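what shape does this take:
(chains A and B)
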Amino acid sequence: NAGVTQTPKFRILKIGQSMTLQCTQDMNHNYMYWYRQDPGMGLKLIYYSVGAGITDKGEVPNGYNVSRSTTEDFPLRLELAAPSQTSVYFCASSYWTETGGDGYTFGSGTRLTVV
Amino acid sequence: DQQVKQNSPSLSVQEGRISILNCDYTNSMFDYFLWYKKYPAEGPTFLISISSIKDKNEDGRFTVFLNKSAKHLSLHIVPSQPGDSAVYFCAASGAGKSTFGDGTTLTVKP
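Next up is the predicted model:
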């Protein structure tokens, strides 16, 4: 009964480095999402996926890439890290159909600092 | 242009009293509205939702009201408890994607 698992919990990157934030859910949810939260702000959607093999951009996709090869996994890739990507990243999943769905289940977050 | 706004960054209430958190939205295409609660160093937790075809939904101490004509929703917590102290996010959803407000920090004083 793990829900949504994110790794790592903390990471410090140097400018120009790359990394992958991992996200796994065990609830057989069809939708998965990546959000970022800057201090004092709400959550901004980076990318989302409606099912395995299907991904789409959200509000702030620049500098990120995603893939969804399985229902369970939705990794977020940062290429050429920049200080503007310093943030807390949340992965979430939900079950959604055309008639509606449930609220999101969120992971506990990854706090990323780019120096 | 922010589509979901929570105009009060913070709210302080006495234990046992009512807490009312407000949220405004601009996009009439949103069909679901949700509230999440967030403690420090944790991910948000889903609290309660309401479909656009309803005007009220209750779950224990939590009630959400939707006024579609005013594009306004509110979360009522009665009675408020110290454990309710957290950041509350309003979210509006369309086609399975949610747009979040900036949050309201609720402090419930014993």
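
near chain B, which residues of chain A? Just list them.
Within chain A, the residues that sit near chain B (Cβ under 8 Å from any Cβ of the partner chain) are A:4, A:31, A:33, A:35, A:40-45, A:48, A:50, A:58-59, A:90, A:92, A:94, A:96, A:100-109. No exception for glycine: its C-beta is placed from N, CA and C like everyone else's.

give me the buried subset of those residues.
For the residues of chain A next to chain B, a neighbour count by 16 or more other Cβ atoms under 10 Å in any protein chain shown gives the buried set as A:4, A:31, A:33, A:35, A:42-45, A:48, A:50, A:58, A:90, A:92, A:94, A:96, A:101-107, A:109.

now for A:Q17, how many residues are close by?
For A:Q17, the neighbour count with other Cβ atoms under 10 Å in any protein chain shown is 14.

let me see the ranges of the helices in chain B.
In chain B, no helices are defined using DSSP state H.

so for the longest strand along it, mean pLDDT?
Ranked by residue count and defined by DSSP state E, the top strand of chain B is strand B:86-94. Strand B:86-94 carries an average pLDDT of 94.

swap in stretch B:25-41?
On average, the pLDDT along stretch B:25-41 is 93.

state the pLDDT value of the residue nearest to B:G16 when sequence neighbours are not counted.
Counting by Cβ to Cβ, 6 or more residues apart in numbering or on different chains, B:G16 lies nearest to B:P79, which is 4.6 Å off, once chain neighbours are set aside. For B:P79, the model assigns a pLDDT of 98.

cool, and B:D1?
pLDDT, B:D1: 73.

give me the nearest residue to it, chain neighbours excluded.
Nearest to B:D1 is B:T26, by Cβ to Cβ, 6+ apart, at 7.4 Å.

pull the contacting residues for that neighbour.
Contact analysis of B:T26 by Cβ atoms under 8 Å, 6 or more residues apart in numbering or on different chains lists B:D1, B:Q2, B:Q3, B:V4, B:K71.

on that earlier part again, list the helices and strands the longest strand of chain B packs on?
Under the contact criterion of 3 or more Cβ pairs under 8 Å, 6 or more residues apart in numbering or on different chains; DSSP states H and E, strand B:86-94 touches strand B:4-5, strand B:19-25, strand B:32-38, strand B:72-77, strand B:97-100, strand B:104-109.

mean neighbour count and distance to chain A for those - can I get that in CSV?
Below are those laid out as CSV (neighbours: other Cβ atoms under 10 Å in any protein chain shown; distance: least, Cβ to the nearest Cβ, whole Å):
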stretch, mean neighbour count, distance to chain A
strand B:4-5, 19, 7
strand B:19-25, 21, 11
strand B:32-38, 23, 5
strand B:72-77, 19, 13
strand B:97-100, 22, 4
strand B:104-109, 17, 10
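
okay then, goodbye and thanks.
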